[in-house]
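# Next comes the sequence, and after it the predicted model I'd like to discuss.
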Amino acid sequence: MQVIKPIVHETIWGGAKLTPFSGSDCQKIGHLYSAIDTEEFRNEIISGKDKGKNLHEWFLENREKYGLEKYEELPILMALVEADDDLSIQVHPDDEKAQKLENKPFGKNESFYTLQAPTKGWMYNGCKAESVEDMRKKIEEGKIAETLDTMPCEEGDYVYVVGGTLHAATAGSLHFEIEENCEKTYRFYDYDRIDKNGNKRPLQLEKALACLDVNKKSKSRKYVDGEAIEERMYSTQVVKNTDVFENTGDMFAFAVMLRGEKMVDGIKVMPGTAILLEPGEKLDVSGCEFMIAKPKRA
C-alpha cells in the first residue's frame, strides 16, 4: 500500500473546514484532491515502493497491467469538496459534446457523497426551462433563477450527475466527489462574484447552452453496507463499522479517509488522504470511515 499526499485547491467558494487536514493554512479550500492526474495537479506518493513519484508516473508505469492503456492520464479523480458559498450554476459535457467542443475523448459524469448537508437542505439539480432557447432567453432577461430546479440533499446521500445536467452544490455542504477525468465545466451564472484579483470569473455561456439537456435531472440514493455502487467508469463503496478492508479482484483501489485518523506506514492519515491499494492488499480501517474508489477496465 502507498499513501498519497492530498493537494489543496483554493477557490472563490471554498472554506476552512478542510484546513486542519490539508497541511496548509488556506482558509478557502474548495477541493482537497485525494487523487488527481491532470496537467495542473498530480499527487505525490509519500510512502511505499513508489515513494517520490507522482500519480501520473505511477499510472503510466501500471496502466497496461490494469487494462487502462488507452488512457493518457488516470481516468478518474476524487476530492473532498467544501462549498462555503454556492457554486456557479454549471454543466459538464457528455461524450459527444466533449469530443466536438474540446477534442476530449470523453465527457464528465460525476458522483457526490454528502458528508455535511447544505444549509438550505438542497442542491441545484436540473432545469425548469422548456428548451435550450427558452433557457437562453431567460438568461438574457436576467431571469435565470426561474429556470433552476432543486433536489433535497442530506448527509449520507449519493448522487450521480451525468453530463448535460444543470447542477451546483450549495453553501454549507461538504462532499466526497469522484468524477471522470475531463476537466471541463461550463458556467451559466456565477453570482457576479469578484475573485481576489478584482475580476469576475468568466462564463462559458455558449458552450454551456450547447451541452445542456433540459430534461436531465439526478436522483439521490443511499449506500447499503458492503455494497459497491457501479457507474460507467468507476465503482465506489463506503467502508465503516469494520476492522479490515481487503482489495479483492484484479483492479487497484483508492481508500480515501472520510472520517477519523490513523497511522499508515508511519504517516498520520486524516480526511482527504488516499491510500493506494493493489489487488490483495489489506487496510486496517477500524474506527474510521473510508470511501473505496476503483476505476473500471476500458
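All right, it came through fine.
# Pretty sure residue 296 sits against residue 249.
No - between residue 296 and residue 249 there is no contact under C-beta atoms under 8 Å: 10.8 Å. Heads up, the C-betas are built off the backbone N, CA and C, glycines and all.
# who has more neighbours, these two?
residue 296 (16 against 11; other C-beta atoms under 10 Å).
# residue ranges for the helices of the stretch 51-200 of the chain, please.
55-62, 95-102, 132-140 (DSSP state H, counting those that start in this stretch).
# Pick the most deeply packed of those helices.
helix 55-62 (a mean of 18; mean count of other C-beta atoms under 10 Å).
# Now it: average pLDDT?
Helix 55-62 carries an average pLDDT of 98.
# ok, now stretch 194-203?
Rounded mean pLDDT across stretch 194-203 is 89.
# Can I get it as CSV, trimmed to CA atoms?
The C-alpha trace of stretch 194-203 is given here as CSV (Å, rounded to 0.1, in the frame of the first residue of the first chain):
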residue,chain,number,x,y,z
ILE,A,194,-15.2,39.0,-7.7
ASP,A,195,-12.0,37.0,-7.3
LYS,A,196,-9.0,38.0,-5.2
ASN,A,197,-7.7,40.0,-8.2
GLY,A,198,-10.8,42.0,-8.5
ASN,A,199,-12.1,40.2,-11.6
LYS,A,200,-15.3,38.4,-12.3
ARG,A,201,-14.8,34.7,-13.2
PRO,A,202,-15.5,34.1,-16.9
LEU,A,203,-18.7,32.4,-18.0
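# How about that stretch, which residues are buried there?
residue 203 (16 or more other C-beta atoms under 10 Å).
# Residues contacting it, please?
Defining contact as C-beta atoms under 8 Å, 6 or more residues apart in numbering, one finds that stretch 194-203 is touched by 12, 88, 187, 188, 189, 190, 192, 193.
# which among those end up buried?
The buried subset of the contacts of stretch 194-203 - by 16+ other C-beta under 10 Å - is 12, 88, 187, 188, 189, 190.
# Taking those together, which two end up most distant?
Pairwise distances across these (C-beta to C-beta) peak at 16.1 Å, for the pair 12 and 188.
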